[in-house]
Structures are given as C-alpha cells and as structure tokens.
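Engineer: Pasting the sequence and the predicted model now:
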Amino acid sequence: MTKSPRRRCKICREWFNPRFPNEWWCSPEHGTEYALMLRQKEMLKQEQQRKKEAQQERRHHQIRKLEVKPLSYFHSKAQAAFNQFIRIRDAEQPCISCGRHHEGKYDAGHYRTRGASPATRYDETNCHKQCVPCNQHLSGNIENYTPNLIERIGQEAFDVLMGPHPVKKWTREELEELAARYRKKTRELIKQREQQ
C-alpha cells in the first residue's frame, strides 16, 4: 500500500499524513471545525442563490407590470424627464413670455401645445422655461411668447417649428429611451454647471 502524500490541514495549516483520500484535517477537532466551516459556506451559497432568484422574480414581475401599463404612462415619464431638462437648461433665463425672474414655480411651456401639435411635444425649440401665471393662467401668454421665441431661436428655426410635421406614433421602447436620454442630459447639465 502506498503512503498518502502529505497535506496541509484546512484549519491549522500544519502538514499531516492523511489516512484516507478525502481527509483534509489533522485531528478530529479540526475535522469537526472543517465540517462546520463547509456547512456555513453551503448555507451562504444557498442564501445567495435564494437572493438571486428573488431578485430575478422581482425583475420579472416589474417587467410584467410595465407590459400592462398604457402608453400614456410612458408618455408621462418621458414628458417629466423632458420638462425637467427644459427647466434646468433655461434656469438662468427669465420667463420666455413676461421676461420676469421670480421665486415662484416655473413650467416647461410649449409654444405649440401638446394637443395641437403632438409631433413637437418633445422638440427643444418648442419648449422653454415659463412662469406658472403665463403658462397656466394666461394660456401660455402667446402674444408675448412669439417675439421672444423668434429672438431666442431665430426666424428660420421658428418657421420650421410652425411648418408641417409628420405624425409620430411613439412606442413604449422609444418613450423609455427618450426619458432615459433626457435624464442623462439633465445630469450632465447639472454636473457641467457645478464645475463652473
């Protein structure tokens, strides 16, 4: 019978000659300790697997929930991200209609309304920072918005904005991508301003 090669004990790291091929400990006490250590590792592995499966189930559940959401839900998310970008982009500008700076709330005011021109809903030249009184109480204060908009974007861009636009049928994926793009642009704009 050939003698088993020496091994290091998994617990105390001392060299020993094992009596059996699957023996990794030098004494019965270390054998017990090694068995407990293996059991703890196995339990940790099972716990990690359980957490991973639960996370996958939550992700799957979230995807299923999004699948039944109406298109209007995705439009509202995209619109919120777009409006936030407009307010941050024009933060230093006064209200485009009345030219005032004040401490009140500001909206992202569309020149061509979302209902009248859905194709320009997410057009950055069509939307600017506007105070709540002008946007909501004066229905956009268009008579003052028009000359200020032409001054800001130029006559050529204004003519393109007022021209015909093909009707856009948005998909959920496009709206999710649009929302993500505007959230990213907002973060970059904020970061850029903080560095100045």
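Structural biologist: Sure, I can see it.
Engineer: Let me know the average pLDDT across the longest helix along the chain.
Structural biologist: Among the elements of the chain assigned as helix by DSSP state H, the one spanning the most residues is helix 28-67. Throughout helix 28-67, pLDDT has a mean value of 91.
Engineer: Please apply the same query to stretch 85-92.
Structural biologist: Computed over stretch 85-92, the mean pLDDT rounds to 95.
Engineer: Doesn't residue 5 lie inside a helix?
Structural biologist: No. When DSSP: H, G, I helix; E, B strand; the rest coil is applied, residue 5 is found to be coil, with no helix at that position.
Engineer: Quick check: buried residues in stretch 26-44?
Structural biologist: When burial is assessed from 16 or more other C-beta atoms under 10 Å, stretch 26-44 yields the following buried residues: 26, 30, 31, 33, 34. Placement of C-beta: from N, CA and C, glycine included.
Engineer: on that earlier part again, which SSE is immediately downstream of the longest helix of the chain?
Structural biologist: Secondary structure here is assigned by DSSP states H and E; on that basis, the next helix or strand after helix 28-67 toward the C-terminus is helix 71-89.
Engineer: Give me the secondary structure label for residue 186.
Structural biologist: Per three-state DSSP, residue 186 ends up helix.
Engineer: change the start of the numbering to 35 and stick with it
Structural biologist: Sounds good: first residue 35 from here, last item residue 220.
Engineer: Could you verify my assumption that it touches residue 119?
Structural biologist: Yes. Counting by C-beta atoms under 8 Å, residue 220 touches residue 119, with 4.7 Å between them.
Engineer: about what we covered before: chain center to the longest helix of the chain, what's the gap?
Structural biologist: A distance of 28 Å separates the centroid of the chain from that of helix 62-101, by C-alpha atoms, centre = their mean, to the nearest Å.
Engineer: now do stretch 42-62
Structural biologist: 53 Å.
Engineer: Specify the residue ranges that define each domain of this structure.
Structural biologist: Segmentation of the chain into domains, based on automatic domain parsing, reads 35-102, 105-229.
Engineer: Check these for me: which has the lowest mean pLDDT.
Structural biologist: Of all the domains of the chain, the minimum mean pLDDT falls on domain 35-102 (a mean of 87).
Engineer: sorry, back to before: would you mind telling me which of residue 220 and residue 119 has more residues around it?
Structural biologist: The residue with more neighbours, out of residue 220 and residue 119 and counting by other C-beta atoms under 10 Å, is residue 119; that gives 23 against 18.
Engineer: Am I right that the more buried one is in contact with residue 222?
Structural biologist: No. Using C-beta under 8 Å, residue 119 makes no contact with residue 222, being 10.0 Å away.
Engineer: Find residues that contact each of those two.
Structural biologist: When contacts are counted by C-beta atoms under 8 Å, 6 or more residues apart in numbering, the set common to residue 119 and residue 222 is empty.
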